[in-house]
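Enquirer: Next one to model:
(2 chains)
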Amino acid sequence: MLSVSGLAVARGGICVLADVGFTLARGEVLILRGPNGVGKTTLLRTLAGLQPPLAGVVDCSADSMAYAGHADGVKPTLSVRENLVFWAQVFGGGGISGALAAFDLDGLADRAAQNLSAGQKRRLGLARMRVTGRPLWMFDEPTVSLDAASVGLFAAAVRAHLAAGGAAIMATHIDLGLAEARVLDLSPFRPRPGQARTDPAPTSDEAFL
Amino acid sequence: MIALLRRDMAVATRAGGGFGLGLAFFLVMVVLVPLSVGPDTGVLSRIAPGILWLGALLACLLSLDRIFALDFEDGSLDLLATAPLPLEGAVAIKALAHWLTTGLPLTLMAPLLGVLLNLPVPGYGWLLVSLALGTPALSVIGAFGAALTVGLRRGGLLLSLLVLPLYVPTLIFGAEVARRGAEGMPVATPLALLAGISLGCAALIPFAAAAALRVNLR
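Expert: As a prediction, the model looks like this:
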C-alpha cells in the first residue's frame, strides 16, 4: 500500500533523514520512533505530500491516505457534530455516528468545540480520520493529551481499521498496546555529517518577512 | 466544495468571526469624512463616489488575513491540502465565502452611506453596480495576498503592503464608474474594464494562490 525507498527529507533546508526505506501492506501498522528532532514529523509530512522529498521515491496513491498532524483542524465555533460532518462531506465519506461512538463523543456532539478540553478536542481530531474513509492513516503524536482510557479507544479504532483492510503509520513515544505493530527507529537514518546540505545564508529579502 | 463554503460562512458569522467588523469600519470611516473635509455639500457630493469606493476597499482589507490564517493556525489548512478537494478549488471557495461575508454586505450598505455624503441621485444605482462588479476582484486578489503571507507572524501589515498596489486598477475603474454615473456621463468603458478585471482575477488567481499556499505549507 505504501512503499518508500531512498527517501531523504529536509526541514528548514537541512537534510534530517536520508536513505529511508520501508514498505507497509494492508493490515499493518508502523510506528516511527526516535528522539525529538530526528525528523518524524518531517517524514510524515513528506509522505502526506505536504512537502517534496529531497531525494527518493514515495509510492503511494495520493487519495489513499489521510493525515492527522499536531493540530486537530477543529473550528472552535462549530459544534463537534458540525466539525465532523464538514470533514465527512469534504472526503465524500458516509455518516459520522460510527466515529462519534468510537471515540466516545456521543454526549458531546452538540457542544461547541471551543468548550472541549484538550483531550476531548484531540479525540475529535482522531475521530475525523474515521470519517475520511481513506485506507492509510498517518498520525503525528496521536496520543498527546489523551488519558489512558482514550488511548485505549484510539488503539481499538486503529485495530478495527487494520481489520477492515486499512493500514496506519504513526509517530509516537508511548506504547499503544498494539502487539502487531512494527517499530521503525529513525535514528540510524540520520545523514552522515558530510551529507547534510544546508541552505545559503539568509538574504536581505527575509528582513521584510 | 459546498461544505467548505457552508463552513466558512458559519465560522465567519458566528462569535469572533469578524462579520460586522468591516461594515462597522466602513460606517465609521464614511461618518468621519464630513467631519474632516467640512459640511460643504457641493464638495462632499463631488468626492462621495471616490470616498465610498476607498472605504469599501479598506474595509475589505481588514478581514483578508482571516481567509487562510485561522485555518493555518488550527491545522485545517494542512488537512485541506491533503483532502480530495483541489487546493485551487478551496482557494476559490474561500475567496467566494470572503466576498459573501464582506464584499456583498459592503455593496448593499454603500448606498445608505451615500446619503451621508450627499451622493447625487443618479449615482446610487451605479455605485451599487460598480461595487457589485468590483468587490469580487478585491476578495480574490486579497486571497492571493493572504496565501502569500500565511504562516508569517503578524503578516497583516505585509499583506496590506502587498495587496494595496494590486487593488489600484480595480479602484480606478470602480470609482470611475461610480463618479461618471453620479455625474450622468456614460459608464460603459470603465464598467467593461472593471468586469474584465474581476473575471480575469477570478479565473486566474486561484491557481497562483494555491501555488503560494503549497510553498508556505512546506
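
Enquirer: rest of the way, CA atoms for contacts and neighbours
Expert: OK.

Enquirer: In chain A, which residue sits closest to chain B?
Expert: Closest contact between chain A and chain B, by C-alpha to the nearest C-alpha, is at A:G73 (4.0 Å).

Enquirer: what helix or strand does that residue sit in?
Expert: Under the criterion DSSP states H and E, no helix or strand holds A:G73.

Enquirer: what's around it, how many residues?
Expert: Each residue near A:G73 was counted by other C-alpha atoms under 10 Å in any protein chain shown, and the total is 26.

Enquirer: my guess is it contacts B:D74, does it?
Expert: Yes - contact criterion C-alpha atoms under 8 Å: A:G73 and B:D74 qualify, at 4.9 Å.

Enquirer: any idea which element the closest residue to B:A202 other than its chain neighbours lies in?
Expert: Closest residue in space to B:A202, ignoring its immediate chain neighbours: B:V140 at 6.2 Å, by C-alpha to C-alpha, 6 or more residues apart in numbering or on different chains. Using DSSP H and E, B:V140 maps to helix B:123-149.

Enquirer: what packs against that helix?
Expert: Here helix B:123-149 touches helix B:41-62, helix B:66-73, helix B:87-98, helix B:104-116, helix B:156-166, helix B:168-182, helix B:188-217, going by 3 or more C-alpha pairs under 8 Å, 6 or more residues apart in numbering or on different chains; DSSP states H and E.

Enquirer: Can you pull the residues of chain A lying near chain B?
Expert: Residues of chain A found near chain B (C-alpha under 8 Å from any C-alpha of the partner chain) are A:48-52, A:62-63, A:66-75, A:77-78, A:86, A:89-91, A:208-209.

Enquirer: you'd agree the residue nearest to B:A202 is up against B:C201?
Expert: Yes - judged on C-alpha under 8 Å, B:V140 makes contact with B:C201 at a distance of 6.6 Å.

Enquirer: Which of these two has more residues huddled nearby?
Expert: Neighbour comparison, B:V140 and B:C201: the larger count goes to B:V140, with 28 against 18 (by other C-alpha under 10 Å).

Enquirer: Give the phi and psi angles for the residue nearest the centre of chain A, as a check.
Expert: With distances taken as C-alpha atoms, centre = their mean, the residue of chain A nearest its centroid is A:F139 (2.2 Å). Per-residue torsions, A:F139: phi -120, psi 140 (degrees, to the nearest 10).

Enquirer: ok, it to B:G55 distance?
Expert: From A:F139 across to B:G55, the span is 46 Å (C-alpha to C-alpha, to the nearest Å).

Enquirer: where does chain A have low pLDDT?
Expert: A:93, A:193-209 (pLDDT under 70).

Enquirer: All the helices of it, residue numbers only.
Expert: Assigned by DSSP state H, chain A shows helices spanning A:40-47, A:80-90, A:97-102, A:118-132, A:148-163.

Enquirer: Now those in TSV, please, with extra columns for mean neighbour count.
Expert: Putting these into TSV (neighbours: other C-alpha atoms under 10 Å in any protein chain shown) gives the following:
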stretch	mean neighbour count
helix A:40-47	22
helix A:80-90	22
helix A:97-102	18
helix A:118-132	23
helix A:148-163	17
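
Enquirer: dump the residue contacts of whatever residue of chain B ends up closest to chain A.
Expert: In chain B, the residue that lies nearest chain A is B:S76 (4.0 Å; C-alpha to the nearest C-alpha). By C-alpha atoms under 8 Å, 6 or more residues apart in numbering or on different chains, the contact set of B:S76 is A:71-74.

Enquirer: now A:D106
Expert: A:D106 neighbours (C-alpha under 8 Å, 6+ apart): A:L100.

Enquirer: buried set for stretch B:31-47?
Expert: Using 16 or more other C-alpha atoms under 10 Å in any protein chain shown as the test for burial, stretch B:31-47 gives B:33-34, B:44-47.

Enquirer: export these to TSV and tack on distance to A:A179 and pLDDT?
Expert: As requested, these are exported to TSV (distance: C-alpha to C-alpha, whole Å; pLDDT from 0 to 100):
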residue	distance to A:A179	pLDDT
B:V33	71	92
B:P34	75	91
B:L44	78	91
B:S45	78	91
B:R46	78	91
B:I47	75	92
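
Enquirer: these two touch, right, B:S139 and B:W99?
Expert: Yes - counting by C-alpha under 8 Å, B:W99 is a contact partner of B:S139 at 5.7 Å.

Enquirer: okay, those two: which has more neighbours?
Expert: A count of neighbours by other C-alpha under 10 Å puts B:S139 above the other of B:S139 and B:W99, at 30 against 21.

Enquirer: Skipping adjacent residues, who's closest to B:A178 in space?
Expert: Leaving aside its sequence neighbours, B:A178 sits nearest to B:L127 (C-alpha to C-alpha, 6+ apart; 4.7 Å).

Enquirer: residues touching the one you found, list them.
Expert: B:49, B:110-111, B:177-178, B:181.

Enquirer: And the pLDDT at it?
Expert: pLDDT recorded at B:L127 is 93.

Enquirer: And for B:L61?
Expert: As predicted, B:L61 sits at a pLDDT of 90.

Enquirer: and what of B:L57?
Expert: Looking at B:L57, the pLDDT reads 94.

Enquirer: Looks like it contacts B:S139 (just checking).
Expert: No - the criterion here is C-alpha under 8 Å, and B:L57 misses it with B:S139 at 9.6 Å.

Enquirer: Could you tell me which residues of chain B lie near chain A?
Expert: Going by C-alpha under 8 Å from any C-alpha, the residues of chain B near chain A are B:1, B:3-4, B:7, B:10-11, B:14-15, B:71, B:74-79, B:81-85, B:152, B:155, B:158, B:214, B:217-218.

Enquirer: Could you rerun that using 6 Å?
Expert: When proximity is defined as C-alpha under 6 Å from any C-alpha of the partner chain, chain B approaches chain A at B:3, B:74-76, B:218.

Enquirer: which of those residues are buried?
Expert: Buried subset of those (neighbour count, 16+ other C-alpha under 10 Å): B:74-76, B:218.

Enquirer: Turn those residues into TSV, columns for pLDDT and distance to A:A163.
Expert: As requested, these are exported to TSV (pLDDT from 0 to 100; distance: C-alpha to C-alpha, whole Å):
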residue	pLDDT	distance to A:A163
B:D74	86	31
B:G75	86	29
B:S76	88	28
B:R218	80	33
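
Enquirer: Quick one: low-confidence residue ranges for chain B.
Expert: Applying pLDDT under 70 to chain B picks out residues B:16-17.
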